[in-house]
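1. Following is a predicted model, sequence given first.
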Number of protein chains: 4
Amino acid sequence: MYVIVDLCVVPLGVGVSVSEHVAACQKEIRASGLSHHMHAYGTNIEGPWDEVMAVVKRCHEVVHQMGAPRITTTMKLGTRTDRDQSMAEKVQSVHDKLDT
Amino acid sequence: MYVIVDLCVVPLGVGVSVSEHVAACQKEIRASGLSHHMHAYGTNIEGPWDEVMAVVKRCHEVVHQMGAPRITTTMKLGTRTDRDQSMAEKVQSVHDKLDT
Amino acid sequence: MYVIVDLCVVPLGVGVSVSEHVAACQKEIRASGLSHHMHAYGTNIEGPWDEVMAVVKRCHEVVHQMGAPRITTTMKLGTRTDRDQSMAEKVQSVHDKLDT
Amino acid sequence: MYVIVDLCVVPLGVGVSVSEHVAACQKEIRASGLSHHMHAYGTNIEGPWDEVMAVVKRCHEVVHQMGAPRITTTMKLGTRTDRDQSMAEKVQSVHDKLDT
């Protein structure tokens, strides 16, 4: 099962700036080799379900290891069995409707 | 790593009523033996990370098997290393502040 | 337009415990008179769109006034035009499928 | 109060493809003149609270007018009082930590 997720990991108890923790998370995502795209409120990741979920778990582990005592993560998960569709194709599909 | 999640599985392409699919998902959650609480916009589940994530995956598998060609799920995941805290304690902690 | 939301307000930069801020938010929700239900990872609220959104805004205002420099909120919003459906009916609809 | 949101509007009861409805929503966002960025699982929008929320409401209205009987939307909302921070600055802040 292939999944496209949107992941937003928020450490609590580390003060108001969270970009260092988010960057550590980004490094885990990069290291996974999975296709991804960071935006202003999360990161899209696509790939096989178990691989993507393994990265999400590593993000929690790494952010706790950095000293964050608490994490609240928000995630969307999209799967489909009717056809393959990449993140790029999802965006393109909307742009096609906008340009006509 | 212990996690409290809030899970909301939404099947697409099955019409406007989704309660049958949500019920199938509920059965998977019950079968897992994990502590859970259903509300009007999702279900809280708590337990060890891998067990909770296994249930989420089974929910997607079962809902696809029922014929839903597409699923979009929303999930929150909370972990903490400073102390144990159950779902009931989270709610109680807020009620304590309200009643004083 | 009637809406059922699930609201989870998370203050950042106030330490690891957030229950005081969540309780302040609860007071705003109660004061609104809107039907609501708190669970372990948020609060369901139902009512007319503008009234519900006004409460969400007041939650942000109040939590900032308490000293939180930053807030990240997660929200689900459900609307439907085919029929009226309360939060209680949503939950009942799933339970009906489970019990048969 | 200035807000950065991530908005994902999902119509139910319109079949498996939702890109036409998402495109209609995009047109409302563009028409608002607010700064925004679409990604594979939603759209970031930034601006004054009331203006952003007005666009979200118009999205629901337009998607219902197109015939969707039911909508489930997921949204994240970020506000801060300690300093101004645009969507571009949020992303840049993480990239700075990654490149060093």
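-> Yep, that arrived.
2. May I ask you to name the longest helix in chain A?
-> Longest helix of chain A, by residue count under DSSP state H: helix A:49-65.
3. hmm, it in reach of chain B?
-> Yes: using Cβ under 8 Å from any Cβ of the partner chain, helix A:49-65 reaches chain B at A:49, A:53, A:56, A:57, A:60, A:61, A:64. Where C-beta positions appear, they are placed from N, C-alpha and C, glycine not excepted.
4. in the helix or strand harbouring residue A:96, what counts as buried?
-> In this assignment (DSSP states H and E), residue A:96 forms part of helix A:87-99. Within helix A:87-99, the residues that count as buried by 16 or more other Cβ atoms under 10 Å in any protein chain shown are A:87, A:90, A:91, A:93, A:94, A:97.
5. Dump those to JSON lines, plus pLDDT and distance to residue A:72.
-> Rendered in JSON lines, the data for the buried residues of helix A:87-99 read as follows (pLDDT from 0 to 100; distance: Cβ to Cβ, whole Å):
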{"residue": "A:87", "pLDDT": "94", "distance to residue A:72": "24"}
{"residue": "A:90", "pLDDT": "94", "distance to residue A:72": "26"}
{"residue": "A:91", "pLDDT": "94", "distance to residue A:72": "27"}
{"residue": "A:93", "pLDDT": "93", "distance to residue A:72": "31"}
{"residue": "A:94", "pLDDT": "94", "distance to residue A:72": "29"}
{"residue": "A:97", "pLDDT": "93", "distance to residue A:72": "34"}
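6. Under the pLDDT cut-off, which ranges of chain A? List them.
-> A:100 (pLDDT under 70).
7. dump the residue contacts of the residue nearest the centre of it.
-> Nearest to the mean C-alpha position of chain A, by Cα atoms, centre = their mean, lies residue A:7 at 3.3 Å. By Cβ atoms under 8 Å, 6 or more residues apart in numbering or on different chains, the contact set of residue A:7 is A:25, A:29, A:42, A:43, A:44, A:45, A:56, A:59, A:73, A:74, A:75.
8. Ramachandran angles for it?
-> As for residue A:7, its main-chain torsions (degrees, to the nearest 10) stand at phi -120, psi 130.
9. Spit out the contact partners of residue A:90.
-> Residue A:90 is in contact with A:4, D:19, D:40, D:41, counting by Cβ under 8 Å, 6+ apart.
10. Could you identify the most distant pair in the residues you listed?
-> Among the contacts of residue A:90, the pair separated by the greatest distance (Cβ to Cβ) is A:4 and D:19, at 14.1 Å.
11. Give me the distance between residue A:45 and chain D.
-> 10 Å (Cβ to the nearest Cβ, to the nearest Å).
12. ok, that residue touching residue A:52?
-> Yes: between residue A:45 and residue A:52 there is a contact under Cβ atoms under 8 Å: 5.5 Å.
13. Find the residues that touch each one of the two.
-> Shared contacts of residue A:45 and residue A:52, counting by Cβ under 8 Å, 6+ apart, come down to A:5, A:34.
14. returning to that earlier point: could you report the separation of the residue nearest to the centre of chain A from chain C?
-> As judged by Cβ to the nearest Cβ, residue A:7 and chain C stand 13 Å apart.
15. who's that residue bridged to?
-> Per DSSP bridges, the residues bridged to residue A:7 are residue A:43, residue A:75.
16. So is the longest helix of chain A next to chain D?
-> No: under the criterion of Cβ under 8 Å from any Cβ, helix A:49-65 makes no contact with chain D; the nearest approach is 12.7 Å.
17. Identify the residues contacting that helix?
-> Contact with helix A:49-65 is made by A:1-3, A:5, A:7, A:9, A:11, A:21, A:24-25, A:27-29, A:32, A:34, A:45-46, A:71, A:73, A:75, A:79, B:1, B:49, B:53, B:57, B:60, B:77, B:79, B:81, as judged by Cβ under 8 Å, 6+ apart.
18. Next, the angle from it to helix B:49-65.
-> 150 degrees (axes from the mean of the first three to the mean of the last three Cα atoms, to 10 degrees).
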